[in-house]
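A.B. asks: test case, fold it:
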Amino acid sequence: MTSSAAADPAGIRLSAPAPGWSLGADVVVVGSGVAGLTVALRCAAAGAKVVVVTKAHLDDGSTRWAQGGIAAALGEGDTPAQHLDDTLVAGAGLCDEDAVRLLVTEGPDAVRRLISTGARFDTDDSGSILLTREGGHHRSRIAHAGGDATGAEVSRALIAAVVGNPDIEFVENALVLDLLTDAEGRTAGVTLHVMGEGARDGVGSVRARAVVLATGGMGQVFSATTNPAVSTGDGVALALRAGAEVSDLEFVQFHPTVLWLGPDAEGQQPLVSEAVRGEGAHLVDADGVRFMVGQHELAELAPRDIVAKGIMRRMQETGAAHMYLDARHFGARMWAERFPTILAACRAHGIDPVTEPIPVAPAAHYASGGVRTDLRGRTTVPGLYACGEVACTGVHGANRLASNSLLEGLVFAERIAADVVAGTGPEPGEPVAPAPARTPLLASEARYEVQRIMTAGAGVLRSAESLAAAAGALERLHTAAVEAYERDGKTAEPCVETWEATNLGLVARVLVAAARRREETRGCHWREDRPDRDDRQWRRHLVVRLTPHHTLDVATTEGPGLPATRPGPVPAVTPSAGIGDDGAAAAPRRAQP
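C.D. replies: Got it, this is the predicted structure:
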């Protein structure tokens with residue numbers, strides 16, 4: 001990898017009051033989706049004391065919104081090798097093959113452990129799990145629950161398993177702020193702000209020898225997204241300020257079929273799952289023409305980047321603001337039984353998919369990149385881990401294969417738990433007293449300006465011109481805040497809204513910097529001025545660090561593999577070595593915070 005010296009993160013932190021309360025734990029998990037709760041369960045089963053910090057309530061993250069399902073080679077005739085092939089194709093040459101092989105081989109047993117935890121998937125009359133297809137899959141391998149409510153069922157099962165566990169403590173309605181580190185740069189906990197009143201309100205800290213980021217995505221960086229309001233890139237921003245490396249942020253997946261609510265719609269938009277197309281729905285234009293036929297061998301079931309591009313091209317050709325998803329042939333009973341959540345969402349907005357086509361358009365959905373990790377979930381900062389959408393494990397490459405996200409959360413959460421429980425690293429020392437913050441905060445209204453800038457310049461369609469305009473506008477926002485701070489020492493009032501706006505501003509700058517550097521079209525990164533994939537120049541990753549001067553150091557890897565996050569050899573961790581047959585982490589060892 002070609003790059004300058006690693007950033008020294010000293011002093012890069014959000015402006016915030018000093019912590020007024022503190023907790024101690026062996027490990028603090030930030031996030032309560034499938035990844036975070038799985039880490040918490042496995043660590044607690046091994047006797048570790050866990051604190052789970054979540055931004056809203058336990059079930060308010062992205063996991064509960066996952067409609068389609070969880071992909072794994074569970075069906076007769078399907079194999080991990082076939083799942084691997086489909087994942088590599090979708091990833092457009094940038095998947096880490098070792099990470100994908102790990103995912104697809106360890107995935108089926110991880111799903112079975114999830115079932116043993118209490119998750120109930122839809123089954124046939126014989127009790128076998130019902131499996132369906134989604135875009136990019138050549139086999140029916142998507143397990144689903146409640147028809148189109150898989151994420152809600154996974155969330156329900158995991159929450160039921162963790163609530164009441166004496167070794168797991170919860171801090172809800174809490175925004176994580178920054179990483180605590182000792183004098184050697186090792187992780188020592190986090191600072192956070194609790195939004196409420198009581199014994200733990202305002203800014204506090206959790207001391208721990210390991211921190212696991214499972215904060216989900218950053219979809220709120222765009223005006224229209226399928227992500228919940230809490231998805232403001234907090235984990236990626238924290239990691240950057242702590243000196244960690246992030247990778248592949250330019251690869252934002254825009255879901256092709258999001259319910260179109262009008263040209264001025266903002267915020268979270270209802271998703272129309274890939275599974276609807278998997279069951280035979282057709283994409284059509286206003287004249288009823290199936291425009292995806294002939295564009296790809298799988299037509300509507302092509303990988304998501306292909307379908308999103310197909311929709312955008314047809315919209316450009318016809319001057320339309322959206323296309324349609326036609327599933328009238330399903331009939332009322334199939335809609336009610338297979339897709340009750342989507343049916344209710346459509347009807348709530350005045351559309352009845354039983355009798356009329358659904359207006360759809362692409363919207364920001366999933367970040368394939370994130371905080372760079374190895375196969376044990378370790379970042380480049382000792383003691384800091386990441387899993388789920390906030391992480392870049394190398395599994396997704398340039399475009400995530402449908403329904404691989406819940407599986408990735410499961411598999412890498414178990415691996416992180418095994419590594420944390422093994423406790424091979426040195427204990428952290430006392431946290432270094434934070435220096436005065438040198439990060440000016442953006443005003444709360446800057447959130448909407450960032451979203452407008454990103455939607456206009458870095459959305460589905462990108463070009464050198466649009467990205468340059470976005471970069472300039474984002475830099476002006478950042479520079480204005482810096483100059484005001486340097487001139488009179490003033491910044492926006494520290495609060496949840498300004499912290500979120502500042503986090504969004506930082507991740508937006510990184511995303512645009514990477515998108516400008518990648519002068520090609522690959523996966524879900526579509527450059528209109530560079531329409532071809534260029535393997536000779538760009539079959540490699542971009543790795544970004546934040547410098548002490550708040551500038552971005554963007555480097556390229558030598559090839560498609562991600563470099564190690566730790567010096568020396570990295571032995572593989574398998575569930576048999578770290579996770580017992582009952583799903584509990586093996587060889588418990590309680591570390592002292």
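A.B. asks: C-alpha from now on. contacts and neighbour counts both.
C.D. replies: Noted.
A.B. asks: regarding this structure, what is its longest helix?
C.D. replies: Determined from DSSP state H, the single longest helix within the chain is helix 464-488.
A.B. asks: what residues sit buried inside that helix?
C.D. replies: 464, 466-471, 473-474, 477-478, 481-482, 485 (16 or more other Cα atoms under 10 Å).
A.B. asks: following element in sequence after it, please.
C.D. replies: helix 496-517 (DSSP states H and E).
A.B. asks: show me how far that following helix is from its chain's centre.
C.D. replies: 15 Å (Cα atoms, centre = their mean, to the nearest Å).
A.B. asks: other SSEs contacting that helix?
C.D. replies: helix 234-241, helix 446-457, helix 464-488, strand 552-556 (3 or more Cα pairs under 8 Å, 6 or more residues apart in numbering; DSSP states H and E).
A.B. asks: right, so of these, which gets closest to residue 97?
C.D. replies: strand 552-556 (18.5 Å; Cα to Cα).
A.B. asks: can you give me the angle the closest one makes with helix 496-517?
C.D. replies: 40 degrees (axes from the mean of the first three to the mean of the last three Cα atoms, to 10 degrees).
A.B. asks: from the chain's centre, how far out does strand 552-556 sit?
C.D. replies: 21 Å.
A.B. asks: chain center to the host helix or strand of residue 255: distance?
C.D. replies: Taking DSSP H and E as the definition, residue 255 sits inside strand 252-259. Mean C-alpha position of strand 252-259 versus that of the full chain (Cα atoms, centre = their mean) differs by 14 Å.
A.B. asks: and the residue nearest the centre of this structure?
C.D. replies: residue 389 (1.9 Å; Cα atoms, centre = their mean).
A.B. asks: so that one, which state does it fall into?
C.D. replies: helix (DSSP: H, G, I helix; E, B strand; the rest coil).
A.B. asks: and residue 61, how far from residue 35?
C.D. replies: The gap separating residue 61 from residue 35 is 11 Å, by Cα to Cα, to the nearest Å.
A.B. asks: compare the two (neighbour count), which wins?
C.D. replies: Here residue 61 and residue 35 are compared on neighbour count by other Cα atoms under 10 Å; more neighbours surround residue 35, at 32 against 25.
A.B. asks: give the contact list for that one.
C.D. replies: Residue 35 makes contact with 214, 387, 388, 406, 409, 410, 412, 413, according to Cα atoms under 8 Å, 6 or more residues apart in numbering.
A.B. asks: am I right that it falls within a helix?
C.D. replies: Yes - counting by three-state DSSP, residue 35 falls inside a helix.
A.B. asks: how close does it get to residue 391?
C.D. replies: 10 Å.
A.B. asks: joint contacts of those two?
C.D. replies: Counting by Cα under 8 Å, 6+ apart, the residues touching both residue 35 and residue 391 are residue 214.
A.B. asks: show me where the stretch 301-450 of the chain has helices.
C.D. replies: 304-318, 331-338, 340-348, 405-422, 446-457 (DSSP state H, counting those that start in this stretch).
A.B. asks: of those, flag the one that's most buried.
C.D. replies: helix 405-422 (a mean of 27; mean count of other Cα atoms under 10 Å).
A.B. asks: and whatever helix or strand comes next after the strand holding residue 255, what does it pack against?
C.D. replies: Sequence-wise, the next helix or strand downstream of strand 252-259 (DSSP H and E) is strand 267-268. With contacts taken as 3+ Cα pairs under 8 Å, 6+ apart, strand 267-268 sits against strand 224-225.
A.B. asks: who touches the strand it packs on?
C.D. replies: For strand 224-225, using Cα under 8 Å, 6+ apart, the contacting residues are 219, 265, 266, 267, 268, 269, 363, 364, 365, 455.
A.B. asks: same question, stretch 475-487
C.D. replies: 439, 440, 441, 442, 446, 490, 491, 505, 509.
A.B. asks: can you put those in JSON lines and add distance to residue 175 and pLDDT?
C.D. replies: Output for these, formatted as JSON lines (distance: Cα to Cα, whole Å; pLDDT from 0 to 100):
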{"residue": "439", "distance to residue 175": "17", "pLDDT": "75"}
{"residue": "440", "distance to residue 175": "18", "pLDDT": "88"}
{"residue": "441", "distance to residue 175": "15", "pLDDT": "95"}
{"residue": "442", "distance to residue 175": "16", "pLDDT": "96"}
{"residue": "446", "distance to residue 175": "18", "pLDDT": "96"}
{"residue": "490", "distance to residue 175": "23", "pLDDT": "83"}
{"residue": "491", "distance to residue 175": "19", "pLDDT": "88"}
{"residue": "505", "distance to residue 175": "16", "pLDDT": "97"}
{"residue": "509", "distance to residue 175": "21", "pLDDT": "97"}
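A.B. asks: export the residues you listed to TSV and tack on distance to residue 191?
C.D. replies: As requested, the contacts of stretch 475-487 are exported to TSV (distance: Cα to Cα, whole Å):
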residue	distance to residue 191
439	15
440	18
441	17
442	19
446	24
490	22
491	20
505	20
509	24
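A.B. asks: let me know the closest of those residues to residue 349.
C.D. replies: residue 446 (29.2 Å).
A.B. asks: need the pLDDT of the closest residue to that closest one other than its chain neighbours.
C.D. replies: Nearest residue to residue 446, sequence neighbours excluded (Cα to Cα, 6 or more residues apart in numbering): residue 501, at 6.1 Å. Looking at residue 501, its pLDDT is 97.
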